[in-house]
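Asker: here is a sequence together with a model predicted from it:
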Amino acid sequence: MHTYLGDDYGFDRSALLLKASDQIDADTVIAKLKRDVPVLDILPNGSINLYGSRDGLDKLTFILQIANIAIEI
């Protein structure tokens, strides 16, 4: 989703809606991000983090942190 036909970059956020929040593997998401944006692979380990924050009962907000810069996704 949100990619060109035949390309494998990007992440299908809609697929996360069908998973329980404790089944989402941040390491898998970060590894995919590093494959899609190779320049991120030169950053030291621990420089890229993904956090989830519950907003009420039915909403989960993701925060991507790259080198102390937090981006809500």
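Answerer: Yes, it's here.
Asker: may I see the buried residues of the top helix by length along the chain?
Answerer: What stands out as the longest helix in the chain, according to DSSP state H, is helix 26-36. Residues of helix 26-36 classed as buried by neighbour count (16 or more other C-beta atoms under 10 Å): 29-30, 33. Just so you know, the C-beta spots here come from the backbone N, C-alpha and C atoms, and that holds for glycine as well.
Asker: least confident pick among those residues?
Answerer: Least confident entry in these, by pLDDT: Val29, with 83.
Asker: give me the pLDDT for the closest residue in space to it that isn't next to it in sequence.
Answerer: Spatially, and ignoring its direct neighbours in sequence, Val29 is nearest to Leu50 (5.5 Å; C-beta to C-beta, 6 or more residues apart in numbering). According to the prediction, Leu50 has pLDDT 89.
Asker: hey, what's Leu50 bridged with?
Answerer: Judged by DSSP bridges, the bridge partners of Leu50 are Leu64.
Asker: what's the neighbour count on it?
Answerer: Under the neighbour criterion other C-beta atoms under 10 Å, Leu50 is assigned a count of 18.
Asker: quick one: residues contacting it.
Answerer: The contact partners of Leu50, by C-beta atoms under 8 Å, 6 or more residues apart in numbering, come to 26, 29-30, 62-65.
Asker: what does Ile30 give?
Answerer: Remark: with contacts taken as C-beta under 8 Å, 6+ apart, Ile30 is in contact with 48-50.
Asker: list the buried ones in stretch 58-71?
Answerer: So, applying 16+ other C-beta under 10 Å, buried residues of stretch 58-71: 62, 64, 66.
Asker: who are the neighbours in contact with the second one?
Answerer: Shown here is Leu64, whose contacts under the criterion C-beta under 8 Å, 6+ apart are 33, 48-50, 70-73.
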